[in-house]
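>>> I'd like to go over a predicted model; first the sequence, then the structure.
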Amino acid sequence: MKDLHKKKIDFEPDILPDQIEGRSLHAQCSYQYPDIDTAKMAYLKARQRLLDVNNWEHYIDGITAEFRLADTQGSLVDGTAKKGLMIRIDIPGPGTVAGEGYDWVTIEEVEEGSKQELDFLAFRVKPADNPKSENTPESENIAHFYSSDSTGTFVLYRAGLEVTCSVYDRNLKANTAENSQVVDTVRNSIIGTSAAMGISGIQWQNLVDAMVLPQEEV
(Lines give C-alpha, C1' and ligand atoms only; values in the text may rest on other atoms or scores of the structure.)
Protein backbone atom coordinates (compact mmCIF):
# COMPACT_ATOMS: atom_id res chain seq x y z
CA MET A 1 0.00 0.00 0.00
CA LYS A 2 1.38 3.38 -0.98
CA ASP A 3 2.20 5.83 1.78
CA LEU A 4 3.35 9.03 0.10
CA HIS A 5 3.47 12.05 2.35
CA LYS A 6 5.36 15.00 3.71
CA LYS A 7 6.28 14.41 7.32
CA LYS A 8 8.24 15.68 10.26
CA ILE A 9 11.98 15.17 9.75
CA ASP A 10 13.12 12.13 11.73
CA PHE A 11 16.68 11.81 10.41
CA GLU A 12 19.24 14.46 9.65
CA PRO A 13 22.82 13.58 8.66
CA ASP A 14 25.73 15.23 10.43
CA ILE A 15 26.74 17.02 7.22
CA LEU A 16 23.47 18.96 7.01
CA PRO A 17 24.39 22.58 7.82
CA ASP A 18 22.38 24.90 10.04
CA GLN A 19 20.11 27.44 8.43
CA ILE A 20 21.67 30.79 9.35
CA GLU A 21 20.94 33.39 6.70
CA GLY A 22 18.91 33.67 3.52
CA ARG A 23 16.13 31.37 2.38
CA SER A 24 15.79 27.61 2.66
CA LEU A 25 13.99 24.96 0.61
CA HIS A 26 13.04 21.40 1.50
CA ALA A 27 11.67 18.72 -0.82
CA GLN A 28 10.85 15.25 0.49
CA CYS A 29 9.17 12.02 -0.54
CA SER A 30 8.60 8.86 1.53
CA TYR A 31 7.24 5.49 0.49
CA GLN A 32 6.37 2.56 2.73
CA TYR A 33 7.02 -0.86 1.24
CA PRO A 34 5.14 -4.04 2.18
CA ASP A 35 8.07 -6.00 3.62
CA ILE A 36 11.65 -5.48 4.75
CA ASP A 37 13.31 -7.23 1.81
CA THR A 38 11.43 -5.07 -0.70
CA ALA A 39 12.28 -1.94 1.29
CA LYS A 40 15.98 -2.82 1.38
CA MET A 41 16.04 -3.50 -2.36
CA ALA A 42 14.19 -0.23 -3.05
CA TYR A 43 16.75 1.65 -0.94
CA LEU A 44 19.67 0.13 -2.87
CA LYS A 45 18.06 1.03 -6.21
CA ALA A 46 17.36 4.56 -5.01
CA ARG A 47 20.96 4.87 -3.78
CA GLN A 48 22.22 3.92 -7.23
CA ARG A 49 19.95 6.48 -8.91
CA LEU A 50 20.82 9.28 -6.51
CA LEU A 51 24.57 8.84 -7.03
CA ASP A 52 24.14 8.52 -10.80
CA VAL A 53 24.11 12.29 -11.33
CA ASN A 54 24.90 12.02 -15.05
CA ASN A 55 21.58 10.26 -15.64
CA TRP A 56 19.27 12.26 -13.39
CA GLU A 57 17.51 13.66 -16.44
CA HIS A 58 16.55 10.11 -17.47
CA TYR A 59 15.01 9.33 -14.09
CA ILE A 60 13.24 12.59 -13.40
CA ASP A 61 10.10 13.57 -15.24
CA GLY A 62 9.96 17.25 -16.09
CA ILE A 63 13.48 18.19 -15.02
CA THR A 64 14.81 21.08 -17.10
CA ALA A 65 18.46 21.21 -16.01
CA GLU A 66 21.28 18.95 -17.16
CA PHE A 67 23.74 17.68 -14.54
CA ARG A 68 27.18 16.25 -15.37
CA LEU A 69 29.94 15.04 -13.07
CA ALA A 70 33.36 16.57 -13.65
CA ASP A 71 36.82 16.39 -12.11
CA THR A 72 38.61 19.33 -10.51
CA GLN A 73 39.90 20.43 -13.94
CA GLY A 74 36.37 20.54 -15.35
CA SER A 75 36.66 17.44 -17.55
CA LEU A 76 33.45 15.40 -17.63
CA VAL A 77 33.71 11.98 -15.97
CA ASP A 78 31.64 8.81 -15.77
CA GLY A 79 30.74 7.03 -12.56
CA THR A 80 28.97 8.12 -9.40
CA ALA A 81 29.05 11.14 -7.13
CA LYS A 82 32.08 11.25 -4.82
CA LYS A 83 33.64 13.79 -2.48
CA GLY A 84 35.92 16.10 -4.42
CA LEU A 85 34.15 15.80 -7.76
CA MET A 86 32.23 18.70 -9.27
CA ILE A 87 28.85 18.93 -10.94
CA ARG A 88 28.39 21.05 -14.06
CA ILE A 89 24.84 22.35 -14.33
CA ASP A 90 23.25 23.56 -17.54
CA ILE A 91 19.96 25.31 -16.82
CA PRO A 92 17.64 26.79 -19.46
CA GLY A 93 18.46 30.34 -20.50
CA PRO A 94 21.73 32.25 -20.34
CA GLY A 95 24.54 30.72 -18.34
CA THR A 96 27.20 32.52 -16.33
CA VAL A 97 30.11 34.28 -17.98
CA ALA A 98 32.28 33.09 -15.08
CA GLY A 99 31.19 29.49 -15.70
CA GLU A 100 31.48 29.70 -19.49
CA GLY A 101 27.74 29.10 -19.84
CA TYR A 102 27.34 26.75 -16.88
CA ASP A 103 26.78 26.80 -13.13
CA TRP A 104 29.25 24.78 -11.05
CA VAL A 105 29.10 23.12 -7.64
CA THR A 106 31.58 20.96 -5.79
CA ILE A 107 30.71 17.83 -3.79
CA GLU A 108 32.31 18.81 -0.51
CA GLU A 109 31.08 16.06 1.83
CA VAL A 110 29.64 12.54 1.61
CA GLU A 111 28.26 10.54 4.54
CA GLU A 112 26.97 6.97 4.50
CA GLY A 113 26.28 4.27 7.03
CA SER A 114 23.80 2.37 9.18
CA LYS A 115 22.41 3.14 12.62
CA GLN A 116 20.24 0.42 14.19
CA GLU A 117 17.37 -0.05 11.70
CA LEU A 118 18.52 2.90 9.59
CA ASP A 119 20.50 2.84 6.31
CA PHE A 120 21.45 6.24 4.96
CA LEU A 121 23.41 8.17 2.33
CA ALA A 122 23.93 11.92 2.13
CA PHE A 123 26.09 14.28 0.13
CA ARG A 124 26.44 18.05 0.26
CA VAL A 125 27.27 20.42 -2.57
CA LYS A 126 28.09 24.11 -2.65
CA PRO A 127 28.62 26.71 -5.40
CA ALA A 128 32.15 26.79 -6.80
CA ASP A 129 34.46 28.56 -9.20
CA ASN A 130 34.64 27.41 -12.80
CA PRO A 131 37.36 24.72 -12.59
CA LYS A 132 38.61 25.73 -16.04
CA SER A 133 39.25 29.32 -14.98
CA GLU A 134 42.55 30.65 -13.71
CA ASN A 135 41.10 32.00 -10.47
CA THR A 136 43.09 31.58 -7.29
CA PRO A 137 41.54 31.23 -3.82
CA GLU A 138 42.27 34.92 -3.32
CA SER A 139 40.31 35.85 -6.45
CA GLU A 140 37.22 33.70 -5.90
CA ASN A 141 34.63 34.11 -8.63
CA ILE A 142 31.74 31.76 -7.93
CA ALA A 143 30.18 30.41 -11.13
CA HIS A 144 26.67 29.84 -9.82
CA PHE A 145 23.50 31.82 -9.26
CA TYR A 146 23.77 31.18 -5.51
CA SER A 147 26.52 32.59 -3.28
CA SER A 148 29.32 30.49 -1.80
CA ASP A 149 27.50 30.32 1.57
CA SER A 150 24.59 28.39 0.02
CA THR A 151 24.45 24.59 0.18
CA GLY A 152 22.39 21.73 -1.17
CA THR A 153 22.25 18.44 0.76
CA PHE A 154 20.81 15.27 -0.78
CA VAL A 155 19.68 12.67 1.76
CA LEU A 156 18.38 9.13 1.28
CA TYR A 157 17.53 6.76 4.09
CA ARG A 158 15.60 3.61 4.94
CA ALA A 159 13.94 3.34 8.34
CA GLY A 160 12.27 -0.04 8.62
CA LEU A 161 9.82 -0.43 5.75
CA GLU A 162 9.99 3.22 4.72
CA VAL A 163 12.40 4.79 2.23
CA THR A 164 12.75 8.57 2.22
CA CYS A 165 14.64 10.98 -0.01
CA SER A 166 15.08 14.67 0.80
CA VAL A 167 16.85 17.68 -0.62
CA TYR A 168 17.72 20.56 1.69
CA ASP A 169 18.80 23.89 0.18
CA ARG A 170 20.02 26.17 2.96
CA ASN A 171 21.38 29.69 3.36
CA LEU A 172 20.23 30.60 -0.12
CA LYS A 173 21.35 34.00 -1.37
CA ALA A 174 21.76 35.20 -4.94
CA ASN A 175 25.37 35.52 -6.06
CA THR A 176 25.85 39.24 -6.59
CA ALA A 177 29.50 39.44 -5.53
CA GLU A 178 31.27 42.69 -6.35
CA ASN A 179 33.92 40.91 -8.43
CA SER A 180 31.28 39.34 -10.70
CA GLN A 181 30.70 40.74 -14.17
CA VAL A 182 27.63 42.94 -14.48
CA VAL A 183 25.84 40.49 -16.78
CA ASP A 184 26.39 37.69 -14.24
CA THR A 185 25.22 39.87 -11.36
CA VAL A 186 21.94 40.64 -13.11
CA ARG A 187 21.44 37.06 -14.26
CA ASN A 188 22.28 35.59 -10.83
CA SER A 189 20.00 38.02 -9.05
CA ILE A 190 17.03 37.07 -11.23
CA ILE A 191 17.63 33.29 -11.27
CA GLY A 192 18.87 33.05 -7.69
CA THR A 193 15.91 34.94 -6.29
CA SER A 194 13.42 32.93 -8.37
CA ALA A 195 15.05 29.64 -7.35
CA ALA A 196 15.08 30.55 -3.66
CA MET A 197 11.41 31.55 -3.87
CA GLY A 198 10.48 28.01 -4.86
CA ILE A 199 11.33 27.22 -8.49
CA SER A 200 14.18 24.93 -7.42
CA GLY A 201 11.82 23.22 -5.00
CA ILE A 202 9.68 22.00 -7.90
CA GLN A 203 12.71 20.44 -9.56
CA TRP A 204 13.87 18.83 -6.33
CA GLN A 205 10.41 17.46 -5.60
CA ASN A 206 10.49 15.75 -9.00
CA LEU A 207 13.90 14.35 -8.11
CA VAL A 208 12.97 12.91 -4.70
CA ASP A 209 9.77 11.40 -6.15
CA ALA A 210 11.84 9.66 -8.83
CA MET A 211 14.28 8.30 -6.27
CA VAL A 212 11.88 6.43 -3.98
CA LEU A 213 8.52 5.90 -5.71
CA PRO A 214 7.92 2.71 -7.71
CA GLN A 215 8.32 3.73 -11.34
CA GLU A 216 4.62 3.31 -12.10
CA GLU A 217 3.90 5.96 -9.45
CA VAL A 218 6.34 8.58 -10.80
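Now that the structure is in, tell me what you want to look at.

>>> Please make it C-alpha for all contacts and neighbour counts, starting now.
Will do.

>>> so which strand or helix has residue 108?
Under the criterion of DSSP states H and E, residue 108 resides in strand 103-115.

>>> Would you mark the buried spots in the helix or strand following that strand?
Where DSSP H and E defines the elements, the next helix or strand beyond strand 103-115 is strand 118-127. Across strand 118-127, burial judged by 16 or more other CA atoms under 10 Å covers 119, 120, 121, 122, 123, 124, 125, 126, 127.

>>> since we're on the residue nearest to residue 76 when sequence neighbours are not counted, how many residues are nearby?
Of all residues not flanking residue 76 in the chain, residue 70 sits nearest, at 4.1 Å (CA to CA, 6 or more residues apart in numbering). By the measure other CA atoms under 10 Å, the count of residues near residue 70 is 23.

>>> In the sheet, which residues pair with residue 70? Tell me.
Residue 70 has the following beta-bridge partners by DSSP bridges: residue 76, residue 86.

>>> Wait, it touches residue 79, no?
No - if you go by CA atoms under 8 Å, residue 70 and residue 79 don't touch, sitting 10.0 Å apart.

>>> For the residue lying closest to residue 114 once chain neighbours are set aside, report the pLDDT, please.
Excluding the flanking residues, the one nearest residue 114 by CA to CA, 6+ apart is residue 120, at 6.2 Å. In this model, residue 120 is scored at 97, pLDDT.

>>> what's near enough to touch residue 120?
112, 113, 114, 155, 156, 157, 158 (CA atoms under 8 Å, 6 or more residues apart in numbering).

>>> Double-check that residue 157 belongs to a strand.
Yes - assignment of residue 157 by DSSP: H, G, I helix; E, B strand; the rest coil places it within a strand.

>>> thinking again about what came up before, mind listing what's buried along the strand holding residue 108?
For strand 103-115, burial by neighbour count (16+ other CA under 10 Å) applies to 103, 104, 105, 106, 107, 108, 109, 110.

>>> and the angle from the longest helix along the chain to strand 118-127?
When the chain is parsed with DSSP state H, its longest helix is helix 36-51. Going by axes from the mean of the first three to the mean of the last three CA atoms, to 10 degrees, helix 36-51 is angled at 10 degrees with respect to strand 118-127.
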